[in-house]
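*Asks:* Dropping a prediction and its sequence here:
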Amino acid sequence: MIKNLYSMKNKICLITGGSSGLGSYIARGFLEAGASKVYITARSEDKLIKKADELTKISDGECIAISGDLSTLDGVKKLVSEINAKERYIDVLVNNAGIGLGTPIKTMKVEDWDKTMDLNTKSPIFLTQALLGMLSKNATLEEPSRVIFISSVAASIVVPSVLAYSASKKVLEHLTAQLALAVSDDFIRVNAIAPGRFYSEMTRRAWQDPNAESFKAELKKIPAHRYGDENDMAGVAVMLCSRAGAYFHGEILNLDGGYRLTF
């Protein structure tokens, strides 16, 4: 029984922002857990195709690249159209694509706020809305489909330097609970993962020099005394999308090594 709890055998998944960082970690985890197809999206086509080829080679499943810009609703519609043309249904949607800009209140521009909210909140909710039919088509009481929103520890702490980003992630967490209740009868489970400090492109400036005093000081502040890695993210995502996590609904899983506890 335990052996099958974390299986994603035959599942068809879509991960936005899947060419690097957290999205690519989740994609790898899904494929290694037995998913048959994992679609990944990003704006950079070359980088996306390279990642899809790499992940296909290390599993029995297939990683498929679909390039596009999800910062606009036209981009969302284009992605939905492409997925509909390729599949009858999907089992998992991971809304990972996002942007993190420095936006202190004294210098924040309207366009920075709009850009952050468009990609971090508007696009994920309307992508999910557009894919509800595909998500419910193969879902059952025993095998519900899954929607995961990628939030951030910034939603739980006060970070004035990234005002727009932290606000957008707080909105996303509230949407998680509301959407979970709204789609319960369609056998769709909705949850969010709120990562802390992870090795990713968004945080590269902080960790690229492991000998920097600022990096060492940050590690000391994190109760787990390290950054999160590929296995940490993949493990939680696979759990939520396999039988092991089928009873989670409307939850925010803080994956931050206790970082939020220090504020």
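*Replies:* Sure thing, it's come through. Residues are numbered from 1 along each chain as shown.
*Asks:* Partner strands of the top strand by length along the chain and their direction?
*Replies:* Secondary structure of the chain per DSSP state E: the longest strand is strand 188-195. Note on strand 188-195: by DSSP bridges, its sheet partners are strand 145-150 (parallel), strand 252-255 (parallel).
*Asks:* How are the strands of the stretch 1-150 of the chain distributed by residue range?
*Replies:* 12-15, 37-42, 62-67, 92-95, 145-150 (DSSP state E, counting those that start in this stretch).
*Asks:* Identify the residues contacting the longest strand of the chain?
*Replies:* 22, 132, 135-136, 139, 144-153, 155-156, 169, 172-173, 176, 179-180, 183, 228, 233, 236-237, 240, 245-246, 248-256 (Cβ atoms under 8 Å, 6 or more residues apart in numbering). Yep, even glycine has a C-beta here, placed from its N, CA and C like the rest.
*Asks:* if you set the cut-off to 6 Å instead, what comes out?
*Replies:* Applying Cβ atoms under 6 Å, 6 or more residues apart in numbering, the external contacts of strand 188-195 come out as 135, 139, 144-153, 173, 176, 179-180, 236, 240, 248-249, 251-255.
*Asks:* Check stretch 133-141 too.
*Replies:* By Cβ under 6 Å, 6+ apart, stretch 133-141 touches 89-90, 145, 186-188.
*Asks:* swap the cut-off to 8 Å and go again
*Replies:* Contacts for stretch 133-141 (Cβ under 8 Å, 6+ apart): 83-84, 87-91, 93, 145, 147, 183, 186-188.
*Asks:* so where is the stretch 1-150 of the chain shaky, pLDDT-wise?
*Replies:* Where the stretch 1-150 of the chain drops to pLDDT under 70, the residues are 1.
*Asks:* how about 50 then?
*Replies:* Under the criterion pLDDT under 50, no range of the stretch 1-150 of the chain is flagged.
*Asks:* where do the helices sit along it?
*Replies:* For the stretch 1-150 of the chain, the helices defined by DSSP state H, counting those that start in this stretch cover 2-5, 21-32, 45-57, 73-86, 110-117, 123-137.
*Asks:* okay, the shortest one in CSV with CA atoms only?
*Replies:* What that stands for is helix 2-5. Taking Å, rounded to 0.1, in the frame of the first residue of the first chain, the C-alpha atoms of helix 2-5 are listed here in CSV:
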residue,chain,number,x,y,z
ILE,A,2,2.7,2.5,1.0
LYS,A,3,4.5,1.9,-2.3
ASN,A,4,1.5,3.2,-4.2
LEU,A,5,0.6,6.1,-2.0
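*Asks:* list the buried ones in it?
*Replies:* When burial is assessed from 16 or more other Cβ atoms under 10 Å, helix 2-5 yields no buried residues.
*Asks:* Any idea which residue is closest to the centre of the protein?
*Replies:* With distances taken as Cα atoms, centre = their mean, the residue of the chain nearest its centroid is residue 96 (3.0 Å).
*Asks:* Could you pick out the longest helix of the protein?
*Replies:* helix 163-182 (DSSP state H).
*Asks:* Now do that one against strand 145-150, angle only.
*Replies:* In terms of direction (axes from the mean of the first three to the mean of the last three Cα atoms, to 10 degrees), helix 163-182 departs from strand 145-150 by 160 degrees.
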